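Student: What follows is a predicted protein model with its sequence.
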Amino acid sequence: MGHHIVVPAPPLNALISRLWDWDMPPAAHYFERVLPVPGAALIINLHENETRSYSDDADRRCLRAAASVIGGPCLRSQIIDTAEQVRVMGAVFHPGGAHAFTGEDHEALVGQDIGLEDIFGHSAHGLREQLLDTPCPHERLALLEQWLLAHMRKPQLAPEVLHALGEIGARPQVARIGPLVRDIGLSEYRFGRLFRRQVGMGPKRYARLMRFRHVVDAVYRSAAVDWSGVAIDGGYGDQAHLVHEFRDFAGMTPTAFMAARGPYPNHLPLD
């Protein structure tokens, strides 16, 4: 049992930041809020024959999908069922990596999960069957990496998108889309369409998400936070602007986020 993370070898690491394997007892709480991240994810449930998420409202409507899915990036936080997070593994794609890997329009992945078999057919079914028969987590991770490498397409992200991702990622707190688009040389309309197809969201939304992620990383381990200072350092107009962004991306205020923190920065225990 345990939580194992590996970085895939080249050339797969150009598309995927990490592979992970989780084999742990059920959590004491039932639901978790998962913060949005800029890349898509591959999830393979080896404990149950489905994956589940829940609507972020009082009804907590259950949304069911296949046991092996590719989904995201999510534009807002989502709620998951910890009862199925017992034996599960997957991959975290770099922004745009899922588009290069699958050839799918990335916008189709936003806010929903697509069955891996719907994209790769029987090969995806065979992968999960092999993983179910492999008790060692290191061997499971090696199998997953081999399968991903065998099905990898040559990265085909447009140079304009790669440039924008690099510029926004390097300095999210000061990134401005207008000057970036002018430097690239495409019209704002053409660049926006290209970016959404390959990354899954518009460049302005992506820049906002990266700015939010920058703040989360900065405050997660802090005992006390000067939110006014964090807002200014993070590129927000004022603290009210920061609160608005936390509500939009995390579904809660910054102080509520700090109170709900658990052992993993992207997962907030609920009930």
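Tutor: Received the coordinates, thanks. Residues are numbered from 1 along each chain as shown.

Student: switch to C-alpha atoms for all contacts and neighbour counts from now on
Tutor: Fine.

Student: wait, what's in contact with Arg208?
Tutor: Arg208 is in contact with Pro172, counting by C-alpha atoms under 8 Å, 6 or more residues apart in numbering.

Student: could you say what helices and strands the strand or helix carrying His99 packs with?
Tutor: Per DSSP states H and E: His99 is located in helix 97-102. Where contact means 3 or more C-alpha pairs under 8 Å, 6 or more residues apart in numbering; DSSP states H and E, helix 97-102 is packed against helix 188-199.

Student: returning to what we had before: which SSE is immediately downstream of the helix holding His99?
Tutor: strand 113-115.

Student: next one: the least confident helix or strand in the chain by mean pLDDT to chain centre, how far?
Tutor: Lowest on mean pLDDT, DSSP states H and E among the helices and strands of the chain sits helix 97-102, with a mean of 88. Centre-to-centre, helix 97-102 and its host chain are 13 Å apart (C-alpha atoms, centre = their mean, to the nearest Å).

Student: Identify the residues contacting it?
Tutor: In contact with helix 97-102 (C-alpha under 8 Å, 6+ apart) are residues 14-16, 39-41, 104-106, 119, 151-157, 197-199.

Student: make it 6 Å
Tutor: Leu15, His106, Met152, Arg153, Pro155, Gln156, Gln198 (C-alpha atoms under 6 Å, 6 or more residues apart in numbering).

Student: which residues touch the second one?
Tutor: Read that as His106. Shown in contact with His106 (C-alpha under 6 Å, 6+ apart): His99, Arg197, Gln198, Val199, Gly200.

Student: Any idea which of those residues the model trusts least?
Tutor: Taken together, the contacts of His106 show their lowest pLDDT at His99, with 87.

Student: how near is that one to Ala256?
Tutor: Distance, His99 to Ala256, by C-alpha to C-alpha, to the nearest Å: 34 Å.

Student: neighbour count winner among the two?
Tutor: His99 (25 against 13; other C-alpha atoms under 10 Å).

Student: Next, format the contacts of helix 97-102 as JSON lines and append distance to Gly178 and secondary structure.
Tutor: Listed next are the contacts of helix 97-102 as JSON lines, based on distance: C-alpha to C-alpha, whole Å; DSSP: H, G, I helix; E, B strand; the rest coil:
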{"residue": "Leu15", "distance to Gly178": "27", "secondary structure": "coil"}
{"residue": "His106", "distance to Gly178": "23", "secondary structure": "helix"}
{"residue": "Met152", "distance to Gly178": "33", "secondary structure": "coil"}
{"residue": "Arg153", "distance to Gly178": "32", "secondary structure": "coil"}
{"residue": "Pro155", "distance to Gly178": "26", "secondary structure": "coil"}
{"residue": "Gln156", "distance to Gly178": "24", "secondary structure": "coil"}
{"residue": "Gln198", "distance to Gly178": "19", "secondary structure": "helix"}
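
Student: are any of these buried, and which?
Tutor: By neighbour count, with 16 or more other C-alpha atoms under 10 Å, the contacts of helix 97-102 hold Leu15, His106, Met152, Pro155, Gln198 as buried.

Student: list the buried ones in the longest helix along the chain?
Tutor: The longest helix of the chain (DSSP state H) is helix 203-219. Using 16+ other C-alpha under 10 Å as the test for burial, helix 203-219 gives 203, 206-216, 219.

Student: just the CA coordinates of it, formatted as PDB?
Tutor: Only the C-alpha atoms of helix 203-219 are listed here, as PDB (Å, rounded to 0.1, in the frame of the first residue of the first chain):
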ATOM      1  CA  PRO A 203      -5.900  32.200 -22.800                       C
ATOM      2  CA  LYS A 204      -7.400  34.800 -20.300                       C
ATOM      3  CA  ARG A 205      -9.100  32.000 -18.300                       C
ATOM      4  CA  TYR A 206      -5.800  30.100 -18.300                       C
ATOM      5  CA  ALA A 207      -3.900  33.100 -17.100                       C
ATOM      6  CA  ARG A 208      -6.400  33.600 -14.300                       C
ATOM      7  CA  LEU A 209      -6.100  29.900 -13.300                       C
ATOM      8  CA  MET A 210      -2.300  30.100 -13.200                       C
ATOM      9  CA  ARG A 211      -2.400  33.200 -11.100                       C
ATOM     10  CA  PHE A 212      -4.800  31.400  -8.700                       C
ATOM     11  CA  ARG A 213      -2.500  28.400  -8.600                       C
ATOM     12  CA  HIS A 214       0.500  30.600  -7.900                       C
ATOM     13  CA  VAL A 215      -1.300  32.000  -4.800                       C
ATOM     14  CA  VAL A 216      -2.400  28.500  -3.600                       C
ATOM     15  CA  ASP A 217       1.200  27.300  -3.800                       C
ATOM     16  CA  ALA A 218       2.500  30.400  -1.900                       C
ATOM     17  CA  VAL A 219       0.100  30.200   1.100                       C
END
